[in-house]
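Asks: Provided below are the primary sequence and the corresponding predicted coordinates.
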Amino acid sequence: MLRPGSFLVRAGLTPGQIAMHVFLLACAFAMLFPFYWMVVTAFRPSQEVFSPTFHWLPQTFVGFDNFREAFAKAPLLRFMANGVIICAGILAVQLLTAIPCAYALAKYEFRGRNLLFALVLFALCVPVQVPALPLYMGLAFTGTLDSYFSLMLPFFLSVFAIFLFRQVFRSFPDDIIHAARLDGMGEMEILWRVVVPSAGPAIAAFAVFSITAHWNDLYWPLIVVTSPELAPPPLGMMYFSDTDLGSSFGALMAAATLLTAPLMILFLFAQRHFVQGVTMTGVK
Amino acid sequence: MTMALPSSSIGRAARRRLGAEIAPSIAYWFATPSIILLVGTMLLPIVVMIAMSFTDYELGALDFSFVGFDNYLSLWGDKTFWRSLVNTAYYVALVVPASVIIGLVLAVMVNGLKRGRKFYQIAFFLPVTSTLIAMATVWKYLLHGKIGPVNHLFTAIGLPSMEFFGDPSLVMPALAIIGVWSLAGFNMVLFTAGLTAIPQELYEASAVDGIDNPIERFFTVTLPMLGPTTMFVIITTSITAFKVFDTVAVLTRGGPQGASDVLLYVNYLEGFQYMRIGLASAITVVFLGIILLLSLVQAKVLERKVHY
């Protein structure tokens, strides 16, 4: 048994606990080192980057020179603004279409319900790369390639959202819906004013999940976008590293820091929702 | 439902859901936008894609003809296609065991802590949320043959420095390191959820049975109880790893000498660079088949998990 009187034990610092902390700190160091290196390099002068010796910190201080260079080389703010526009547009349509559909699947009986749910389950397995070719051709034939619309189109429907919200809505008590109906509320009103507010955590978890996925997506933007002023952050990063091969690691790391920062900050603030989003269904 | 109306038919009386009392047309209205999108952006494109895999269509061509299984036959004899399948399988074989085991170990250790759980969970999950493309360029620098810190470390402990992205035998392991780094934290969260579901009484019972050693406890209680979760994590990770594209597109472009050609990258080149739609569709059908197979296994595992 533990000695209850000991201060160290009360603080959770038995030898076993200390050993685990040491091990986990070492792991955390390894996991976080790329972030550290990215930020430190963003503040290094280029001759230091190419020096063959290892230094933890920059030897000469260059301030935000690399960031200025990064901004001068590529429209980084434009990339980020594109990311915000695309993520917001996708999320809005996803919520507006998935919520009613999920509610119908959860609370109504209608012909074809099982078929619809089976199709949702099927679509849940299919990555965007599968319908990509015909979607691309459709956009090419209608002349809508290289637009915000083309960037968002394949993601307007989130079967994952339908699946997730259906689970949540199913556990909403029927009695409350019934009471609302007796109060004379319409079905639409019941859904958006009674049921949806109760699903707040699930919606937040999904929002965080959706924003992460589309902020970070490269495959689809790479296919449909040709003008740099429409590029979302990953594609912008790719342009940047292409034009900049090897010459200025400092500016490259500054750009990487800027483009990955918004999600990091979002994660640190909405950490709970991220973890909930992962554990709710475990589907990535 | 106690409110069944006398006029209701037998079928309606059998329905117990509240919504059954409302005319179903409202349900269709609610589902219609999603159904349109489902058909228009998913089901129809898949049908078209499968149909095109039997044609010799090239984007921009005025004309095409049905060629039966020719595209599949030429894939069968295509070295690049097979190399991309083998490379993808190699990547999966490297990433899955490492990221699952690291995720499991981290979850069990963090869960066993009395203090500081939150800090470690944030630290280990951070790579999952980071923009992989941006971090891939950081990794390219970290693993750089001359100026990368990893090679600094190698030379410091007397190992030869390695040109990870220039050596055909090292490029897939280098990409796999990035893959493991970006997935381990995700798996940790899944395992943490599995761990919290293990009843505390089991640990108490094992203590009564004289199992005090934490390692022994891990193998006799924790691991067997995590069985279904582990299976689920393995398959989810396999699917994610199988879809590897981003790091290849940004860092290696299939090189050096095709050593990092992966299925989705070859598919992307065929379809969107060379515009050979027919052949690219055939590759996509193969890709879809493998993904569906993995998903089927996953569904079976989930089913078992529910009964567990």
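Replies: Sure thing, it's come through.
Asks: surely residue A:102 meets residue A:170?
Replies: No. In this structure residue A:102 lies outside contact range of residue A:170 using C-beta atoms under 8 Å: 9.2 Å. In short, each C-beta sits where N, CA and C put it, glycine included.
Asks: what about stretch B:275-283, near chain A?
Replies: Yes. Looking at stretch B:275-283 against chain A by C-beta under 8 Å from any C-beta of the partner chain, the contacts come from B:277, B:280-281.
Asks: Same check on stretch B:130-142?
Replies: Yes. On the criterion C-beta under 8 Å from any C-beta, stretch B:130-142 is in touch with chain A at B:130-135, B:137-139, B:141-142.
Asks: CA-only coordinates of that stretch in CSV, if you can.
Replies: Backbone C-alpha positions of stretch B:130-142 (Å, rounded to 0.1, in the frame of the first residue of the first chain) are rendered in CSV as follows:
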residue,chain,number,x,y,z
SER,B,130,-1.6,20.2,-37.9
THR,B,131,-1.6,20.9,-41.6
LEU,B,132,0.2,17.9,-42.9
ILE,B,133,1.5,19.6,-46.1
ALA,B,134,3.2,22.3,-44.0
MET,B,135,4.6,19.8,-41.6
ALA,B,136,5.8,17.6,-44.4
THR,B,137,8.1,20.4,-45.6
VAL,B,138,9.3,20.6,-42.0
TRP,B,139,10.0,16.9,-42.0
LYS,B,140,11.8,17.2,-45.3
TYR,B,141,14.1,19.6,-43.6
LEU,B,142,14.4,17.5,-40.4
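Asks: What mean pLDDT does that stretch get?
Replies: Average pLDDT, stretch B:130-142: 89.
Asks: Please state the offset of it from the chain centre?
Replies: 19 Å (C-alpha atoms, centre = their mean, to the nearest Å).
Asks: quick one: contacts of that stretch?
Replies: With C-beta atoms under 8 Å, 6 or more residues apart in numbering or on different chains as the test, stretch B:130-142 has contacts from A:33-35, A:37-38, A:41, A:215-216, A:218, A:233-234, A:237-238, A:241, A:249, A:252-253, A:255-257, A:259-260, A:263-264, B:127, B:147-150, B:165, B:177-178, B:181-182, B:246-247, B:250-251.
Asks: What residue spans form the domains of chain A?
Replies: A:7-69, A:75-281 (automatic domain parsing).
Asks: so can I have TSV of those domains showing mean neighbour count and mean pLDDT?
Replies: Formatted as TSV, those follow (neighbours: other C-beta atoms under 10 Å in any protein chain shown; pLDDT from 0 to 100):
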stretch	mean neighbour count	mean pLDDT
domain A:7-69	15	83
domain A:75-281	19	90
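Asks: Output those domains in CSV; the columns should cover distance to chain B.
Replies: Converted to CSV, the domains of chain A look like this (distance: least, C-beta to the nearest C-beta, whole Å):
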stretch, distance to chain B
domain A:7-69, 3
domain A:75-281, 3
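Asks: Pipe the ones you listed into CSV and attach distance to residue B:56 per row.
Replies: Shown next, in CSV, are the domains of chain A (distance: least, C-beta to C-beta, whole Å):
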stretch, distance to residue B:56
domain A:7-69, 45
domain A:75-281, 14
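Asks: Residue B:68: which of these is closest?
Replies: domain A:75-281 (19.3 Å; C-beta to C-beta).
Asks: Pull the contacting residues for residue 155.
Replies: If you meant another chain, say so; for now it's chain A. A:90, A:94, A:128, A:214, A:220.
Asks: actually it's chain B I care about, not the one you picked
Replies: residue B:161.
Asks: Tell me how far it lies from residue B:47.
Replies: Applying C-beta to C-beta, to the nearest Å, the value for residue B:155 to residue B:47 is 56 Å.
Asks: cool, and residue B:115?
Replies: Counting by C-beta to C-beta, the gap from residue B:115 to residue B:47 is 56 Å.
Asks: same deal with residue B:79?
Replies: 30 Å.
Asks: what's the answer for residue A:179, then?
Replies: Counting by C-beta to C-beta, the gap from residue A:179 to residue B:47 is 45 Å.
Asks: does residue 71 belong to a helix or a strand, and which?
Replies: Reading this off chain A. When elements are assigned from DSSP states H and E, residue A:71 belongs to helix A:65-73.
Asks: hm, I was asking about chain B
Replies: Using DSSP H and E, residue B:71 falls in helix B:70-76.
Asks: and the residue in the stretch 51-200 of chain B positioned nearest to chain A, which of the three is it?
Replies: Using C-beta to the nearest C-beta, the single residue of the stretch 51-200 of chain B nearest to chain A is residue B:114, 3.1 Å away. Secondary structure, DSSP: H, G, I helix; E, B strand; the rest coil: residue B:114 is coil.
Asks: Just give the number of residues close to it.
Replies: Close neighbours of residue B:114, defined as other C-beta atoms under 10 Å in any protein chain shown, add up to 15.
Asks: these two touch, right, it and residue A:16?
Replies: No. Counting by C-beta under 8 Å, no contact exists between residue B:114 and residue A:16, whose distance comes to 10.0 Å.
Asks: got any residues that touch both of these two?
Replies: Between them, residue B:114 and residue A:16 share no contacting residue under C-beta under 8 Å, 6+ apart.
Asks: what are the phi and psi values for residue B:66?
Replies: phi -80, psi 130 (degrees, to the nearest 10).
Asks: can you check residue A:253 too?
Replies: phi -70, psi -30.
Asks: From residue A:170, how far off is it?
Replies: Counting by C-beta to C-beta, the gap from residue A:253 to residue A:170 is 47 Å.
Asks: swap in residue A:88?
Replies: For residue A:88 relative to residue A:170 (C-beta to C-beta), the value is 28 Å.
Asks: same deal with residue A:149?
Replies: 34 Å.
Asks: residues in contact with residue B:44?
Replies: residue A:134.
Asks: which residues touch the residue nearest to the spatial centre of chain A?
Replies: By C-alpha atoms, centre = their mean, chain A has its centre lying nearest to residue A:212, at 0.4 Å. Under the criterion of C-beta under 8 Å, 6+ apart, the contact list for residue A:212 reads A:263, A:266-267, A:274, B:129.
Asks: Would you check that residue A:225 makes contact with residue A:234?
Replies: No. Counting by C-beta under 8 Å, residue A:225 sits too far from residue A:234 to count as a contact (10.9 Å).
Asks: residues contacting residue B:24?
Replies: Contacts of residue B:24 by C-beta under 8 Å, 6+ apart are A:108-111.
Asks: Secondary structure added to the residues you listed, as CSV?
Replies: Output for those, formatted as CSV (three-state DSSP):
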residue, secondary structure
A:108, coil
A:109, coil
A:110, coil
A:111, coil
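Asks: Let me know the closest of those residues to residue A:204.
Replies: residue A:108 (25.4 Å).
Asks: My guess is that closest one contacts residue B:27. True?
Replies: Yes. Between residue A:108 and residue B:27 a contact is recorded at 3.7 Å, counting by C-beta under 8 Å.
Asks: what ranges of the stretch 201-308 of chain B fall below the confidence cut-off?
Replies: B:304-308 (pLDDT under 70).
Asks: So which residues on it come close to chain A?
Replies: B:214, B:232-233, B:236, B:240, B:243, B:245-246, B:249-250, B:264, B:267-268, B:271-272, B:277, B:280-281, B:284, B:287-288, B:291-292, B:295.
Asks: Can I get the buried part of the residues you listed as one PyMOL selection?
Replies: Only the buried entries of these go into this PyMOL selection, using 16 or more other C-beta atoms under 10 Å in any protein chain shown:
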select buried, chain B and resi 232+233+236+240+243+245+246+249+250+264+267+268+271+272+277+280+281+284+287+288+291+295
